[in-house]
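> Got a predicted model here, sequence first, then my questions.
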Amino acid sequence: MFSSKLPAVASRAFTSSAAVKAKVAVLGAAGGIGQPLSLLCKLSPYVTELSCYDVVGTPGVAADISHVPTASKTQGSLPDPEAGAWPTGSEGGLKAALTGASVVVIPAGVPRKPGMTRDDLFNTNASIVQTLVEGCAEHCPDAVLAIISNPVNSTVPIAAEVLKAKGVFDPKKVCGVTTLDVCRANTFMGEHMGVDPSSLSVPVIGGHAGITILPLLSQTGASMTDEEREALTVRIQFGGDEVVQAKAGAGSATLSMAYAGYVFTENVLKALAGEKDIVMPAYVKSSITSAEYFASPCRFGVNGVEEVLGYGELNEYEQGWFDKMLPELEGQIQKGKDFAQK
């Protein structure tokens, strides 16, 4: 089962070789999430080539990371001079960044600031994701896409519609990264239970924004009062706001999101390499509810998402949240589809 415990890459990266040849492209690699995420990917023995792409700064980021003594090759690309949606830059562009990629991680976009919701980010980030996924459709149509750019509830449907229009959509390979919700749930429940949070794997289902995030605390077996359950649920749902407020306008959840994105990416690479029993949450095309896209545990394999798993029994409290969450999630999905189909 999925665990948010960070793989012990620091000790093994200097001596281990990757199980398979895997190129990972990070789109938005010079940003607050992209830089630490790229560094963590450089440490992974499953990454043989790390491709960093952003509108500015990626040659420097790649040069810096390349000095870390691991076996993976690192390159940095800027947009092509003729790129319309992104500013001009040096030669290379998306083609160089994406060609041959096995996994593409997309944290590109503007971060949240105090008072902003994920929905406030929609217009800017939706356009960025659309442009980048068009590049993926052209240059690496078989890659697994790991989408971090918010609002994930809408950007994943945007990505899917772009790929459908290009004739290369594979629902097994388009994933919204919701790992951070599980990381937060594990951390906060570990504090509540007085145990090591890395020993926990709290199921979190639904989407990746506010009330669409539904932690299934009843499945942990932990005892808690109604007040404690409510406080933990809401803290998990709005954990991102906690970080935005603490940074006082200086940023959002970048380091924890980079960690979660790395954990997701490395587990995908393990599955692509043939390792068995890789199960972790992802926001994917799904038929287990009325929502077209839904986050739940998924079994990953050599073809990406090989099975979307159920989420078990909900208690009365969780069912109440589920009933409130589903219409909100479906509306955000439709918003993404409408944007892509314009």
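Nice, thanks for sending it over. Numbers count the residues shown, from 1 in each chain.
> Show me what counts as buried in the lengthiest helix in the chain.
As assigned by DSSP state H, the longest helix anywhere in the chain is helix 316-341. By neighbour count with 16 or more other Cβ atoms under 10 Å, helix 316-341 contains the buried residues 318, 321-322, 325-326, 328-330, 332-333, 335-337, 339-340. (Glycine included, C-beta is placed from N, CA and C.)
> and what of stretch 252-269?
Of the residues in stretch 252-269, 252-254, 256-269 count as buried by neighbour count, 16+ other Cβ under 10 Å.
> taking the residues you listed one by one, which sit in helices?
Counted as lying in helices by DSSP H, out of these, are 256-269.
> Take those residues and write them to CSV, including pLDDT.
Output for these, formatted as CSV (pLDDT from 0 to 100):
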residue, pLDDT
Ser256, 98
Met257, 98
Ala258, 98
Tyr259, 98
Ala260, 98
Gly261, 98
Tyr262, 98
Val263, 97
Phe264, 98
Thr265, 98
Glu266, 97
Asn267, 97
Val268, 98
Leu269, 97
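> Show the average pLDDT along stretch 282-292.
The pLDDT scores in stretch 282-292 average 98.
> list the buried ones in that stretch?
If you call a residue buried by 16+ other Cβ under 10 Å, then stretch 282-292 has these buried ones: Ala282, Tyr283, Val284, Lys285, Ser286, Thr289, Ala291, Glu292.
> could you dump stretch 94-108 to CSV, C-alpha only?
Extracted as CSV, the C-alpha positions of stretch 94-108 are listed here (Å, rounded to 0.1, in the frame of the first residue of the first chain):
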residue,chain,number,x,y,z
LEU,A,94,9.4,21.5,-25.2
LYS,A,95,10.6,19.2,-27.9
ALA,A,96,14.0,18.8,-26.3
ALA,A,97,12.5,18.6,-22.8
LEU,A,98,9.8,16.0,-23.6
THR,A,99,11.1,13.7,-26.3
GLY,A,100,11.7,10.2,-24.8
ALA,A,101,10.1,11.0,-21.4
SER,A,102,8.6,8.2,-19.4
VAL,A,103,7.0,10.5,-16.8
VAL,A,104,6.2,14.2,-17.1
VAL,A,105,5.6,16.0,-13.8
ILE,A,106,3.7,19.3,-14.2
PRO,A,107,4.0,21.8,-11.3
ALA,A,108,4.0,24.8,-13.6
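> Specify which member of the buried residues of stretch 282-292 is nearest to Cys183.
Ala282 (13.9 Å; Cβ to Cβ).
> Next, count neighbours for Gly274.
Gly274 is flanked by 11 other residues according to other Cβ atoms under 10 Å.
> Could you report the distance from it to Thr70?
Separation of Gly274 from Thr70 (Cβ to Cβ, to the nearest Å): 22 Å.
> Phi and psi next, for the residue located most distally from the centre of the chain.
If you look at how far each residue of the chain sits from its centre, by Cα atoms, centre = their mean, the farthest one is Thr225, at 32.1 Å. Here the main-chain torsion angles of Thr225 (degrees, to the nearest 10) amount to phi -80, psi 170.
> next one: Met224
Dihedral angles (degrees, to the nearest 10) for Met224: phi -160, psi 150.
> what does Val105 give?
Taking degrees, to the nearest 10 as the convention, Val105 sits at phi -100, psi 130.
> Next, find the distance separating the residue nearest to it when sequence neighbours are not counted from His192.
Ranked by Cβ to Cβ, 6 or more residues apart in numbering and with sequence neighbours excluded, the top spatial neighbour of Val105 is Ala146, at 4.6 Å. As judged by Cβ to Cβ, Ala146 and His192 stand 30 Å apart.
> neighbour-wise, which of those two wins?
Remark: of Ala146 and His192, Ala146 carries more neighbours, 23 against 19, as counted by other Cβ under 10 Å.
> thinking the more buried one is in contact with Val177, fair?
Yes. Assessed by Cβ atoms under 8 Å, Ala146 is found in contact with Val177 at 5.2 Å.
> Could you pull out the residues contacting both of those two?
Listed contacts common to Ala146 and Val177 are Val105, Gly261, Phe264; contacts here mean Cβ atoms under 8 Å, 6 or more residues apart in numbering.
> Return the member of these nearest to Cys52.
Of all the shared contacts of Ala146 and Val177, Cys52 sits closest to Val105, with 10.5 Å by Cβ to Cβ.
> which residues touch the closest one?
Counted by Cβ under 8 Å, 6+ apart, Val105 has contacts Val24, Ala25, Val26, Leu27, Leu37, Cys41, Ala146, Ile148, Val177, Gly261, Thr265.
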